[in-house]
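Asker: got a sequence here, can you build the structure:
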Amino acid sequence: MHLESYVNKELHTISPQEPKYQELKLQVYRDIFGCLIKEFKTYQPVLSAIKKEYENTLAYQQDLIRELEPLRSHLRLAREECERKVQARWGEEQAEIGALKREKQQLQRDVEAMREKEKATQEVVERLQYELSNQYLQYREERDARNLLIGQLSYLTSASVKEHPADENTGEAKDSVELELALKVCRKDLTKAQEELNRMKAEYWDVVPQRNWDTLERTHKQTLLQLKMLQADFNQLKSEHDTLLELHEKSDMQAETLDSTTVQIDVSVSEGESHIQSSQCESGTLTVQESRTEFPLSDEEINELVTSAQSEPDGCDDIISSQTLNSLTDASCLTWEGQQFQGKRAIVEKLSSLPFTKIAHSITAQDHQPTPDCCILSMVVGQLKADEDPIMGFHQSFILKNINDAWVCTNDMFRLAIHNFS
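Answerer: The predicted model follows:
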């Protein structure tokens, strides 16, 4: 009890706020333990050894703590340095991130500005292209008008020289002022013509020309007329076919009551007559259709021509042999712009060597006459347009001969209407 009260008393006297509070407490217990060793004589050596070992261990631990104290301070300094570096790096990263964000926003604004600028530039380019195309068209039209005026002036000059050869020296001595006035008048006329042309283009851009309208209307009427003729021919053939079928059925019904030999003879005769009638109808129809396709005339004119051409049966053979037909095709003649070609092969080679790929034509007038040798002489005047070439007039005369119910062109002459004013 005395030792316990001594320990409590000593511990109460030590303040926890003292720097070496733990060492003072340990000293109190060390003193009490020394007293215990003195009191226990029997265990004094063992207890002394234990105390000594504890003292040695404590001294060793204190030495180790003293050795590690610089390392601890160094570690604390390193930790503080690392924390400071981390804080500085974080600040730099935040500043860099902010700068990158600002740079990104600036780049986005620059991109938008570039897009707007590119859009404006594209609009300017399109407007300039449009103005350039208009200016080019204007210059080209002015050039064509100037060339036309130069051609007309050259033509008039040559004509005046031919009419008044004695005034040649006088014309050369004309004053330049007069030429300038004439040039101004020509320019004014050119401006007026250009304005009139632009006005006509603006007003009649979507209007079909009267010539094309008349051509289309005439072609439409001809097509309707051909359709009606074909329908009439078809109806006639159909009625004849129905009649032949009825006759055939009647002949079959009558054949049942007759002898087999008589039946075979009657059927052969009726079938022969039917074949002859149908062949005649088909041949006549084919000839009429070919004539209508070849000549866009009225029914009365076609019938009159065919009747006139076939009015002399003595001078025309009904059937021409293939040898005669070949001789006629080999004797066929084509005159193309003054060049003559004879024979089927030469004519086909000439027509195949023509350079154009497409052609359109319009017939202005056509005349036809029957000849004494059962042929038809035709003359055609019109206009044609090959590919992108300008429209030109043409004249064509040809002879058609009826061979085996087919019209064959034996002679043909073609020439463009090109006039030489020089």
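Asker: report the buried residues of stretch 384-404.
Answerer: Buried residues in stretch 384-404, counted by 16 or more other C-beta atoms under 10 Å: 384, 386, 394, 396, 397, 398, 399, 400, 401, 402, 403. For glycine as for every other residue, the C-beta is placed from the backbone atoms N, C-alpha and C.
Asker: give me the mean pLDDT for the longest helix along the chain.
Answerer: Criterion DSSP state H: the longest helix present in the chain is helix 44-163. Averaged across helix 44-163, the pLDDT comes to 88.
Asker: please name every helix or strand in contact with that helix.
Answerer: helix 21-39, helix 168-172, helix 176-203 (3 or more C-beta pairs under 8 Å, 6 or more residues apart in numbering; DSSP states H and E).
Asker: among the ones you listed, which is nearest residue 7?
Answerer: helix 21-39 (5.8 Å; C-beta to C-beta).
Asker: what packs against that closest one?
Answerer: So helix 21-39, by 3+ C-beta pairs under 8 Å, 6+ apart, packs with helix 2-13, helix 44-163.
Asker: give me the buried positions along the first one.
Answerer: In this case it means helix 2-13. residue 10.
Asker: and it, what does it pack against?
Answerer: With contacts taken as 3+ C-beta pairs under 8 Å, 6+ apart, helix 2-13 sits against helix 21-39.
Asker: CA-only coordinates of the helix it packs on in CSV, if you can.
Answerer: What follows is helix 21-39, C-alpha atoms only, in CSV (Å, rounded to 0.1, in the frame of the first residue of the first chain):
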residue,chain,number,x,y,z
TYR,A,21,6.2,13.5,-19.4
GLN,A,22,6.7,9.9,-20.5
GLU,A,23,10.3,9.8,-19.3
LEU,A,24,9.3,11.1,-15.9
LYS,A,25,6.6,8.5,-15.5
LEU,A,26,9.1,5.8,-16.5
GLN,A,27,11.6,7.1,-13.9
VAL,A,28,8.9,6.8,-11.2
TYR,A,29,8.3,3.2,-12.1
ARG,A,30,12.0,2.6,-12.3
ASP,A,31,12.5,3.8,-8.7
ILE,A,32,9.6,1.5,-7.5
PHE,A,33,11.1,-1.4,-9.3
GLY,A,34,14.5,-0.8,-7.7
CYS,A,35,12.8,-0.8,-4.3
LEU,A,36,11.1,-4.1,-5.1
ILE,A,37,14.5,-5.6,-6.1
LYS,A,38,16.0,-4.5,-2.8
GLU,A,39,13.0,-6.0,-0.9
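Asker: buried stuff in that helix?
Answerer: 28, 37.
Asker: hmm, who's touching it?
Answerer: With C-beta atoms under 8 Å, 6 or more residues apart in numbering as the test, helix 21-39 has contacts from 3, 6-7, 10-11, 14-15, 18, 43-44, 47-48, 51, 58.
Asker: for residue 348, find the nearest of the helices and strands packed on helix 44-163.
Answerer: So among these, helix 176-203 is nearest, using C-beta to C-beta, at 43.7 Å.
Asker: who are the packing partners of the following helix or strand past that closest one?
Answerer: With elements assigned by DSSP states H and E, the helix or strand that comes after helix 176-203 is helix 210-255. If you count contacts as 3+ C-beta pairs under 8 Å, 6+ apart, helix 210-255 packs onto helix 260-294.
Asker: could I have stretch 333-344 exported to CSV, CA atoms only?
Answerer: Taking Å, rounded to 0.1, in the frame of the first residue of the first chain, the C-alpha atoms of stretch 333-344 are listed here in CSV:
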residue,chain,number,x,y,z
CYS,A,333,-28.0,5.9,-160.0
LEU,A,334,-27.5,8.5,-157.2
THR,A,335,-26.3,12.0,-157.8
TRP,A,336,-25.1,13.6,-154.5
GLU,A,337,-23.9,17.2,-154.8
GLY,A,338,-22.7,16.7,-158.3
GLN,A,339,-21.0,13.3,-157.6
GLN,A,340,-22.5,10.2,-159.4
PHE,A,341,-22.8,6.7,-157.9
GLN,A,342,-24.1,3.7,-159.8
GLY,A,343,-25.1,0.4,-158.4
LYS,A,344,-26.4,-0.8,-155.0
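Asker: could you give the angle of the longest helix of the chain to helix 21-39?
Answerer: Interaxial angle of helix 44-163 relative to helix 21-39 (axes from the mean of the first three to the mean of the last three C-alpha atoms, to 10 degrees): 160 degrees.
Asker: show me how the chain divides into domains.
Answerer: With domains defined by automatic domain parsing, the chain comprises 209-294, 313-422.
Asker: going by mean pLDDT, which of those domains comes out lowest?
Answerer: domain 209-294 (a mean of 68).
Asker: tilt between the longest helix of the chain and helix 176-203?
Answerer: Angle of helix 44-163 versus helix 176-203, following the same axes, to 10 degrees, is 120 degrees.
Asker: distance from the chain centre to helix 44-163, please.
Answerer: 42 Å (C-alpha atoms, centre = their mean, to the nearest Å).
Asker: can you tell me which of the buried residues of stretch 384-404 are in strands?
Answerer: Of the buried residues of stretch 384-404, the ones assigned to strands by DSSP state E are 384, 386, 394, 396, 397, 398, 399, 400, 401, 402.
Asker: residue 131: which of the residues you listed is nearest?
Answerer: residue 386 (35.3 Å).
Asker: please report how far the residue nearest to the closest one when sequence neighbours are not counted lies from residue 385.
Answerer: Computed as C-beta to C-beta, 6 or more residues apart in numbering, the closest residue to residue 386 that is not its neighbour in sequence is residue 356, at 3.9 Å. For residue 356, the distance to residue 385 equals 9 Å [C-beta to C-beta, to the nearest Å].
Asker: same deal with residue 83?
Answerer: Distance from residue 83 to residue 385, by C-beta to C-beta: 95 Å.
Asker: same question, residue 250
Answerer: From residue 250 over to residue 385 the distance is 60 Å, taken as C-beta to C-beta.
Asker: do the same with residue 41
Answerer: 150 Å.
Asker: could you do residue 42 as well?
Answerer: On the measure of C-beta to C-beta, residue 42 and residue 385 end up 148 Å apart.
Asker: and residue 334, which of the three is it?
Answerer: Here residue 334 is recorded as strand under DSSP: H, G, I helix; E, B strand; the rest coil.
Asker: surely it and residue 344 touch.
Answerer: No. Under the criterion of C-beta atoms under 8 Å, residue 334 makes no contact with residue 344, lying 10.0 Å away.
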